[in-house]
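>>> Coordinates only, no sequence provided:
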């Protein structure tokens, strides 16, 4: 049985929060999102975190939430196609 989309979104938000906390420059993702400061189309390109670390964070958080394989696929689609920091330095 899979969990609701709302619960999946909560996990995605945890992943985003941790990746942006560790990104260069660092940012409080939830605070900026709530303040409406992420409206520019490509704002996430201003941040950098190596892709290997982003993948580690994704796996750690999914493991902590005991995500099924199906849930992990849903989460990965949101994270990698969503607003993750750039994995490449400018």
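Happy to help now that I have it. Fair warning: this is a prediction, and the values are worked out from it, not measured in the lab. Residues are numbered from 1 along each chain as shown.
>>> which residues of this structure score low on pLDDT?
Along the chain, the parts satisfying pLDDT under 70 run over 1-2.
>>> Please enumerate the helices of this protein.
5-22, 29-34, 51-64, 69-81 (DSSP state H).
>>> which one of those helices lies closest to residue 41?
helix 69-81 (14.3 Å; CB to CB). Using the backbone N, CA and C atoms, a C-beta is placed for each residue, glycine as well.
>>> what comes up buried for the closest one?
71-72, 74-76, 78-79 (16 or more other CB atoms under 10 Å).
>>> Between all of those residues, which two are at the greatest distance?
So, the buried residues of helix 69-81 by CB to CB: farthest apart are 71 and 79, at 12.2 Å.
>>> now the residue nearest the centre of the chain, nearest residue through space, not along the chain?
With distances taken as CA atoms, centre = their mean, residue 16 lies nearest the centre of the chain, 2.8 Å away. Nearest residue to residue 16 in three dimensions, chain neighbours excluded: residue 29, at 4.9 Å (CB to CB, 6 or more residues apart in numbering).
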